[in-house]
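Q: Please find the sequence and the predicted model below.
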Amino acid sequence: MARLGQDLKAVAAYEQALALDAKHRAARLYLGNALLRLGRRDEAIEAYKAFLEQGNRGEAAERVRRILAQIAPGAVADT
């Protein structure tokens, strides 16, 4: 139950960070992670896709592609 509260607070913090800087790479990635842990799959997919659409590359982008391939096959092809 403590984890749920932490993830809810994290989502609010990441959304606030993105309101200040829509291209905040870490906030976008961590928002997707927190949303996924909360079971908010569709919102997580959108956050992950936005992360990739920002042109992020490297290890984090590859992890996001693997997550999307598992939870939303075809979503990676859209990015």
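A: Yep, that arrived. Remember, it's a predicted structure, so these values are computed and weren't measured experimentally.
Q: Please make it C-alpha for all contacts and neighbour counts, starting now.
A: OK.
Q: so the residue nearest the centre of the chain is in which element?
A: The residue lying closest to the centre of the chain (CA atoms, centre = their mean) is Gly32, at 1.9 Å. Under the criterion of DSSP states H and E, Gly32 resides in helix 25-37.
Q: and the following helix or strand past that helix, what other elements does it pack with?
A: Counting by DSSP H and E, the next helix or strand C-terminal to helix 25-37 is helix 41-53. In this structure, helix 41-53 packs against helix 25-37, helix 59-71, with contacts taken as 3 or more CA pairs under 8 Å, 6 or more residues apart in numbering; DSSP states H and E.
Q: Now do the helix holding Gly32: everything it contacts.
A: Helix 25-37 is contacted by residues 7-8, 10-11, 14-15, 17-18, 41, 43-48, 50-51, 56 when judged by CA atoms under 8 Å, 6 or more residues apart in numbering.
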